[in-house]
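1. sharing a model prediction with you, sequence too.
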2 protein chains.
Amino acid sequence: MKILVVDDDADLLALVAFALTNAGYAVVKATDAAPALAVFDRELPNLVLLDINLPTGSGFDVCKAIRGRSPVPIMMLTARGEEEDLVRALELGADDYLTKPFSPRTLLARVKALLRRTGIEAADTLTAGGLSLDIGAQTLSFAGGQPLRLTRLETRLLQILIAQAGHVVSAERLLAHVWGHRGSGDRQLLKQLVHRLRQKLERESPGNDPLQTESGVGYRLKA
Amino acid sequence: MKILVVDDDADLLALVAFALTNAGYAVVKATDAAPALAVFDRELPNLVLLDINLPTGSGFDVCKAIRGRSPVPIMMLTARGEEEDLVRALELGADDYLTKPFSPRTLLARVKALLRRTGIEAADTLTAGGLSLDIGAQTLSFAGGQPLRLTRLETRLLQILIAQAGHVVSAERLLAHVWGHRGSGDRQLLKQLVHRLRQKLERESPGNDPLQTESGVGYRLKA
DNA sequence: CCGCCCCGTCACCGTCTTGTCACCAGCTTG
DNA sequence: CAAGCTGGTGACAAGACGGTGACGGGGCGG
């Protein structure tokens, strides 16, 4: 589940990104109107959090532009006292709004409700390099092949590797993402998990290991 | 399809009731917390529209009380500026919310969306993969076969599985839908229900189990 | 009141998942 | 070359998970 956050206030942006990331969402950021659209086209997020006040161009234009190319749910962020703007945004196709200041808890509850409302809950698949990971169903599909069942840990491992496809992901980061802080420093866990996942992949598509070992650093998924 | 509307504003109540009635729903009304629960128990509506601000007792208590006895979808009605209350309601088990003022058109769209999402569509029969479920009669028919009698829980289980045919439905979601929040986390209930349903289906159509187990995730109905 | 059905609960079993240990090979370093 | 580190591999066991049978309480109709 990928969320685009657009706000020119760097502090707020960082806070929101932190809260969402902690809740398991992938976050992409933009601080102005034009970059926001560029990031949108590149990342195709599942939800957009959009500030009304942007340095150049307003949130309205961004809202309208996004709505012109996708039915993705949009939640506007407004300062108190901008209620009139709000109405305009809703008419332009925004789905919901949130008044600043708000707590991370509020943000998460509203984001979840909006996702539920628009029915985009579990339908998130990550794709890279001929692999397609369905996180909800815990399955992995090769380009044109039938789905392969994965375990919980294997899914978590691939989730981050596919999201970062082509880039090395450090062992520490993998450990933190798959096991939480508990597994910190235990490379053996990671060794075994990679080993077992490779066996599964090998059986499915022999002689083509997409998991590359970066000695002394971590692992990388072939792009 | 019966909808309970709870609001102390008589004008709004009349307006909402009018819009819903026109759209073909049966509407029952209440203007305060205690009567709302009484009406709920008597009428067992399929959906609840619930104002947060009530003369005596708050919408929270009503929401919690209803959620304690039924997984019926609940949509909260809030005035602008009550966002904090909203979060609490969502955490208490409300499924969606609507901010006043709203147009009748918006109301209908959201009510329909919520009913669709929770699988309680107006359609009395759901069909998928050669199975046809009559919710009102609690019967299931195979393609070309005679109807099979189901229990209440079996009907609720199949209702969501058929609505999501071909897609995995998580155990958590099944538990929430069949038992409400009470059954949360109790996989044994689900195990037994699936077991009993499979026995019934097996007797009816041997060697053809449409319920697929997705280990570690949930169940899926063959499309 | 009695029997039947629904369904919550317990117990047991086989399978799968996962943490842990042991060992090996390759590379680097002194 | 020896020692140490890193990564790959096999094996084992505890625990989780799903399937199954059985028991019994509560509600309902006869």
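-> Perfect, I can see it now. Note that the structure is a prediction, hence the values are computed from the model and not measured.
2. mind listing what the residue minimising distance to the centre of chain A touches?
-> Centroid-nearest residue in chain A, with C-alpha atoms, centre = their mean: A:Ala26, separated by 2.3 Å. By C-beta atoms under 8 Å, 6 or more residues apart in numbering or on different chains, the contact list for A:Ala26 reads A:1-3, A:163. The way it works is simple: take the backbone N, C-alpha and C, and place the C-beta from them, glycine included.
3. swap in 6 Å and give it another go.
-> Taking C-beta atoms under 6 Å, 6 or more residues apart in numbering or on different chains, we find A:Ala26 in contact with A:Lys2.
4. show me where chain A has helices.
-> For chain A, helices defined by DSSP state H occupy the ranges A:10-22, A:33-43, A:59-69, A:83-91, A:104-117, A:152-163, A:171-179, A:187-204.
5. closest one to DNA strand D among the ones you listed?
-> The closest of the helices of chain A to DNA strand D is helix A:187-204. By C-beta to the nearest atom of the strand, the value is 4.2 Å.
6. what's the angle between that closest one and helix A:152-163?
-> Put simply, helix A:187-204 runs at 80 degrees to helix A:152-163, going by axes from the mean of the first three to the mean of the last three C-alpha atoms, to 10 degrees.
7. picking up where we left off before, let's have the helices of chain A in TSV, adding distance to B:Thr151 and mean pLDDT.
-> Converted to TSV, the helices of chain A look like this (distance: least, C-beta to C-beta, whole Å; pLDDT from 0 to 100):
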stretch	distance to B:Thr151	mean pLDDT
helix A:10-22	42	86
helix A:33-43	47	82
helix A:59-69	46	85
helix A:83-91	44	78
helix A:104-117	28	85
helix A:152-163	32	91
helix A:171-179	41	87
helix A:187-204	39	94
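8. what does chain A put close to DNA strand C?
-> A:149, A:151-154, A:179, A:186, A:188-189, A:192-193, A:196 (C-beta under 7 Å from any atom of the strand).
9. burial count for A:Asp186?
-> Per other C-beta atoms under 10 Å in any protein chain shown, the neighbour tally for A:Asp186 reads 12.
10. also the one 3 residues further on?
-> By other C-beta under 10 Å, the residues close to A:Leu189 number 16.
11. beta partners of the residue of chain A found nearest DNA strand D?
-> Nearest residue of chain A to DNA strand D: A:Thr213, at 3.7 Å (C-beta to the nearest atom of the strand). According to DSSP bridges, the partner residues bridging A:Thr213 are A:Tyr219.
12. gap between it and A:Tyr219?
-> Taking C-beta to C-beta, to the nearest Å as the measure, A:Thr213 and A:Tyr219 are separated by 6 Å.
13. neighbours around the residue nearest to A:Ile52 when sequence neighbours are not counted, how many?
-> Distance criterion C-beta to C-beta, 6 or more residues apart in numbering or on different chains; nearest residue to A:Ile52, sequence neighbours excluded, is A:Gly59 at 4.0 Å. Neighbour count of A:Gly59, defined by other C-beta under 10 Å: 25.
14. now do the contacts for A:Gly59.
-> Contacts for A:Gly59 (C-beta under 6 Å, 6+ apart) come out as A:50-52.
15. ok, 7 Å please
-> Shown in contact with A:Gly59 (C-beta atoms under 7 Å, 6 or more residues apart in numbering or on different chains): A:50-53, A:76, A:89.
16. over to A:Asp51?
-> If you count contacts by C-beta under 7 Å, 6+ apart, A:Asp51 has them with A:6-8, A:59, A:77.
17. are any of those residues buried, and if so which?
-> Buried subset of the contacts of A:Asp51 (neighbour count, 16 or more other C-beta atoms under 10 Å in any protein chain shown): A:6-7, A:59, A:77.
18. in CSV: these, plus distance to A:Leu140.
-> Converted to CSV, the buried ones among the contacts of A:Asp51 look like this (distance: C-beta to C-beta, whole Å):
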residue, distance to A:Leu140
A:Val6, 32
A:Asp7, 35
A:Gly59, 38
A:Leu77, 36
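19. tell me which two of those residues sit farthest apart.
-> Greatest spatial distance among the buried ones among the contacts of A:Asp51 (C-beta to C-beta): A:Asp7 and A:Gly59, at 9.4 Å.
20. hmm, back to that, between the residues of chain A next to DNA strand C, which is nearest A:Leu13?
-> Comparing the residues of chain A next to DNA strand C against A:Leu13 with C-beta to C-beta places A:Trp179 closest, at 28.8 Å.
21. show me what contacts the closest one?
-> Contacts for A:Trp179 were tallied using C-beta under 7 Å, 6+ apart; they are A:Leu189.
22. recalculate using a threshold of 10 Å.
-> A:Trp179 is in contact with A:153, A:156-157, A:186, A:189-190, A:193, counting by C-beta atoms under 10 Å, 6 or more residues apart in numbering or on different chains.
23. the residue of chain A closest to DNA strand D: neighbour count?
-> When neighbours are defined as other C-beta under 10 Å, A:Thr213 has 13 of them.
24. state the distance from it to A:Lys191.
-> A:Thr213 sits 10 Å away from A:Lys191, going by C-beta to C-beta.
25. between A:Asp7 and A:Gly59, what contacts are shared?
-> In contact with both A:Asp7 and A:Gly59: A:36, A:50-53, A:77, using C-beta under 10 Å, 6+ apart.
26. what's the local residue count around the closest residue to A:Asp41 other than its chain neighbours?
-> Excluding the flanking residues, the one nearest A:Asp41 by C-beta to C-beta, 6+ apart is A:Arg69, at 7.9 Å. Counted with other C-beta under 10 Å, residues neighbouring A:Arg69 total 11.
27. any part of stretch A:172-189 near DNA strand D?
-> Yes - using C-beta under 7 Å from any atom of the strand, we find that stretch A:172-189 touches DNA strand D at A:187-188.
28. give the burial count for A:Glu202, as a bare number.
-> By other C-beta under 10 Å, the residues close to A:Glu202 number 12.
29. so what's it up against?
-> Applying C-beta under 10 Å, 6+ apart, the residues near A:Glu202 are A:208-209.
30. got the contact list for the residue in chain A positioned nearest to DNA strand C?
-> Relative to DNA strand C, the nearest point of chain A is A:Thr151 (2.9 Å; C-beta to the nearest atom of the strand). By C-beta under 10 Å, 6+ apart, the residues touching A:Thr151 are A:138, A:157, A:193, A:196-197, A:200, B:215-216.
31. for PyMOL, write the selection for the buried entries among those.
-> To isolate the buried ones among those in PyMOL, judged by 16+ other C-beta under 10 Å, type:
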select buried, chain A and resi 138+157+193+197
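32. now, which of the contacts of A:Thr151 lie close to DNA strand D?
-> Among the contacts of A:Thr151, proximity to DNA strand D is found for B:215-216 (C-beta under 7 Å from any atom of the strand).
33. can I get the contacts of A:Thr151 in a markdown table with distance to B:Asp96?
-> Below are the contacts of A:Thr151 laid out as a markdown table (distance: C-beta to C-beta, whole Å):
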| residue | distance to B:Asp96 |
| --- | --- |
| A:Gln138 | 28 |
| A:Leu157 | 35 |
| A:Leu193 | 39 |
| A:Arg196 | 41 |
| A:Leu197 | 39 |
| A:Lys200 | 40 |
| B:Ser215 | 32 |
| B:Gly216 | 29 |
